[in-house]
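Novice: sequence unavailable; structure follows:
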């Protein structure tokens, strides 16, 4: 079959699209750029380029089409089925030789064999915490060591207020409406964050010190905001 701009009719298109079917009579296709795109054939064993190919990408595409394995993408271990023959001119030879180089990506594919015993080993889950969460955790450990109960309770209320402010700062609606962390110092944004924090406290678990935590929110707001800002890299919004 010869495929070019003068032979692009429905009958040829049908034969070309079914070339891998057993009852298709076509064995050799002489074409112009059909292997570049749009023609998905895996049952391809010989490529013989008859024209100059200056584009390395076109050469790689053409060879890549021929390297597709016809039987479900698996090797059959039958040499004639698994092998592509390229009757090459110098540009094709250049690409093929480059692929054989030790540093070629094609030479880097390998496999690791895993013993059965290794598959039964328990995996270790490693969780990464953010900087601000680590600081809060460290602060909680410090608070837990305070001997004086009154001072300890006061520090616990302050810490709970900070935690709630941090949760409110991360609220998607507040982030979207504020326009960035630089605006969180504005009174109207601060009011939104504290209102959200109060909502979180009111809908959360019962706490006998709930009122004290709510009263503490404005006192810890600025410190918590600075701590949060220093622990992240803010990504600017795209417009």
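Specialist: Cool, the structure landed. These numbers were taken from a predicted model, which means no experiment stands behind them.
Novice: can you give me the strands for this protein?
Specialist: 2-3, 30-31, 46-47, 85-86 (DSSP state E).
Novice: and those strands as a markdown table, adding mean neighbour count, mean pLDDT and distance to residue 57?
Specialist: Where you see a C-beta, it was placed from the backbone N, CA and C, and this is true even at glycine. A markdown table is the format used below for the strands of the chain (neighbours: other CB atoms under 10 Å; pLDDT from 0 to 100; distance: least, CB to CB, whole Å):
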| stretch | mean neighbour count | mean pLDDT | distance to residue 57 |
| --- | --- | --- | --- |
| strand 2-3 | 14 | 77 | 21 |
| strand 30-31 | 14 | 80 | 18 |
| strand 46-47 | 14 | 86 | 16 |
| strand 85-86 | 14 | 86 | 16 |
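Novice: could you export the ones you listed as JSON lines, including distance to residue 175?
Specialist: JSON lines is the format used below for the strands of the chain (distance: least, CB to CB, whole Å):
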{"stretch": "strand 2-3", "distance to residue 175": "57"}
{"stretch": "strand 30-31", "distance to residue 175": "56"}
{"stretch": "strand 46-47", "distance to residue 175": "55"}
{"stretch": "strand 85-86", "distance to residue 175": "56"}
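Novice: these: which one's closest to residue 16?
Specialist: strand 2-3 (6.5 Å; CB to CB).
Novice: strand partners (parallel or antiparallel) of that closest one?
Specialist: As defined by DSSP bridges, the strand partners of strand 2-3 come to strand 30-31 (parallel).
Novice: excluding its own residues, what touches the strand it pairs with? List them.
Specialist: 1, 2, 3, 4, 50 (CB atoms under 8 Å, 6 or more residues apart in numbering).
Novice: residue contacts, residue 202?
Specialist: residue 210.
Novice: distance of it from residue 93?
Specialist: Distance of residue 202 to residue 93, given as CB to CB, to the nearest Å: 75 Å.
Novice: what of residue 187?
Specialist: From residue 187 to residue 93 the distance is 73 Å (CB to CB).
Novice: looking at the two, which has the bigger crowd around it?
Specialist: Neighbour count, other CB atoms under 10 Å: between residue 187 and residue 93, residue 93 has more, with 12 against 7.
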